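*Asks:* here is a sequence with its predicted model. Questions after.
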Amino acid sequence: MRIGAIELEKPLALAPMEDVTDVSFRLICKELGVDLLYTEFASSSALVRDVASTTRKIRVTDIERPIAVQIFGGVEEPMDEAARVAEEACPDFIDVNCGCWVRKVVRRESGAGLLKNLAKFEAVVRAVLSGTKLPVTVKTRIGWDQDNIVILDVARMVEQLGVQALSVHCRTRSQGHSGAADWSWLEKLKQTVSIPIIGNGDINSPEDVKRMFETGCDGVMIGRGAIYNPWIFRQAKHYMATGELLPEATLSERVVLCIKHLLLSIDYKGQERGIIEFRKHYQGYFRGMRNVAKLRAELVRMTDPEEIIARLRRYEDELSSEPENVEL
């Protein structure tokens, strides 16, 4: 698939997730084999007003390439100016978020709220295209609810506008994360438009990745599955190449990667903010393991990185010394 000058064969993408896919997590996933990255989504109005907490979100590093800055909004004028601001961050392309389902975004007629008004959807995307010389892509859902599935109309519209790829979370806005993602829409999209289609939704294993590619989509985007298992990119590539499943990450590998991720967070955000904002990741790294709730309760009270690292290593020793060691 091609986006501007970027050409990738069956790429695996990390889905943009608010408060999750910051630079530290993106770099971890890059090391583990992800092909395509996106920043957390940034409010167009906040970018135009130069709000520091938002402008920090769109800073990218060369090692992350290819990477997109993702922006959202429901009004044309801030969106075209936000595209210009995003371009100054030097991403490889700009992605327009037309799929975020959370209420505070939707009630402003942004994100998935645009699925209720395709004329506004078109105007917002057109504004972004007019505000940048970079390639533009769109991420959305299949519709507002089961009675209003409009993804084929959306795909035709964005292709005609000049959008270079479309990422589709195969649920409606009303579903949120509930129910099953309907991948059959990916096959229909491939029969409807010629731009690349990137599938998203319910990817939790290498087998899921392979099955989604069988729909004919050009790329696979992984979201929550990568939070619990950032190794999924490496595992999926190995499985597609060989048909063999790599073993799950061991406890030792989880501890090592967790520490590396923590230190990256501190490097890019400073010690206090880096530690505080990293706390959300402990549950993911040690999901399903014994005494993880107790471990997390201790870690979130710690503010010294050396103390945190020492506690993580003790946790590894504690579980490794138990006779009925957990299978990971």
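*Replies:* The structure has been received and is ready for your questions. Remember, predicted model here, so these are calculated numbers, not experimental data.

*Asks:* distance of residue 66 relative to residue 27?
*Replies:* 14 Å (Cβ to Cβ, to the nearest Å). The C-beta positions use only the backbone N, C-alpha and C, and glycine is treated the same way.

*Asks:* which neighbouring elements make contact with the helix or strand of the chain with the lowest mean pLDDT?
*Replies:* When each helix and strand of the chain is scored by mean pLDDT, DSSP states H and E, helix 103-106 comes last, with a mean of 89. Helix 103-106 is packed against no helix or strand, with contacts defined by 3 or more Cβ pairs under 8 Å, 6 or more residues apart in numbering; DSSP states H and E.

*Asks:* in the strand or helix carrying residue 308, what's buried?
*Replies:* Under the criterion of DSSP states H and E, residue 308 resides in helix 305-321. Using 16 or more other Cβ atoms under 10 Å as the burial criterion, the residues of helix 305-321 that qualify are 305, 308, 309, 312, 315, 316, 319.

*Asks:* could you do stretch 163-180 as well?
*Replies:* Quick answer for stretch 163-180 (16+ other Cβ under 10 Å): 163-175.

*Asks:* then stretch 108-123?
*Replies:* 109, 110, 111, 112, 113, 114, 115, 116, 120, 121, 122.

*Asks:* coming back round to it: then the least confident helix or strand of the chain to PDB, C-alphas only?
*Replies:* Output in PDB follows, covering the C-alpha atoms of helix 103-106 (Å, rounded to 0.1, in the frame of the first residue of the first chain):
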ATOM      1  CA  ARG A 103     -19.100  11.500  24.500                       C
ATOM      2  CA  LYS A 104     -17.000  14.600  25.100                       C
ATOM      3  CA  VAL A 105     -15.700  14.400  21.500                       C
ATOM      4  CA  VAL A 106     -19.000  13.300  19.800                       C
END
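
*Asks:* what residues does it touch?
*Replies:* 72, 100, 111, 112, 113, 173 (Cβ atoms under 8 Å, 6 or more residues apart in numbering).

*Asks:* chain center to that helix: distance?
*Replies:* Centroid separation between helix 103-106 and its chain, computed with Cα atoms, centre = their mean, to the nearest Å, is 18 Å.

*Asks:* any idea which helix or strand comes after it?
*Replies:* helix 118-131.

*Asks:* what mean pLDDT does that following helix get?
*Replies:* Mean per-residue pLDDT for helix 118-131: 97.

*Asks:* with stretch 181-198 instead?
*Replies:* 98.

*Asks:* same deal with stretch 221-231?
*Replies:* 96.

*Asks:* go on, stretch 86-100?
*Replies:* pLDDT averaged over stretch 86-100 gives 97.

*Asks:* got the CA positions of that stretch in PDB?
*Replies:* The C-alpha trace of stretch 86-100 is given here as PDB (Å, rounded to 0.1, in the frame of the first residue of the first chain):
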ATOM      1  CA  ALA A  86       0.600  19.700  12.300                       C
ATOM      2  CA  GLU A  87       2.700  19.900   9.100                       C
ATOM      3  CA  GLU A  88       5.300  22.000  11.000                       C
ATOM      4  CA  ALA A  89       5.900  19.000  13.300                       C
ATOM      5  CA  CYS A  90       7.200  17.200  10.200                       C
ATOM      6  CA  PRO A  91       5.200  14.000  10.200                       C
ATOM      7  CA  ASP A  92       5.000  11.800   7.100                       C
ATOM      8  CA  PHE A  93       1.300  12.400   6.700                       C
ATOM      9  CA  ILE A  94      -1.800  13.800   8.600                       C
ATOM     10  CA  ASP A  95      -4.600  11.600   9.800                       C
ATOM     11  CA  VAL A  96      -8.100  12.900  10.500                       C
ATOM     12  CA  ASN A  97      -9.900  11.300  13.400                       C
ATOM     13  CA  CYS A  98     -13.500  10.800  12.400                       C
ATOM     14  CA  GLY A  99     -14.100   7.800  14.600                       C
ATOM     15  CA  CYS A 100     -13.600   8.600  18.300                       C
END
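
*Asks:* gap between it and the chain center?
*Replies:* 13 Å.

*Asks:* next: stretch 122-139.
*Replies:* 19 Å.

*Asks:* cool, and stretch 11-23?
*Replies:* The answer for stretch 11-23 is 3 Å, by Cα atoms, centre = their mean.

*Asks:* start to end distance for that stretch?
*Replies:* End-to-end distance of stretch 11-23 (Cα to Cα, to the nearest Å): 19 Å.

*Asks:* go through it and flag the buried ones.
*Replies:* Buried, per 16+ other Cβ under 10 Å, within stretch 11-23: 11, 12, 13, 14, 15, 16, 17, 20, 21, 22, 23.

*Asks:* and for stretch 190-200?
*Replies:* Counting neighbours by 16+ other Cβ under 10 Å, stretch 190-200 gives 190, 192, 193, 195, 196, 197, 198, 199, 200 as buried.
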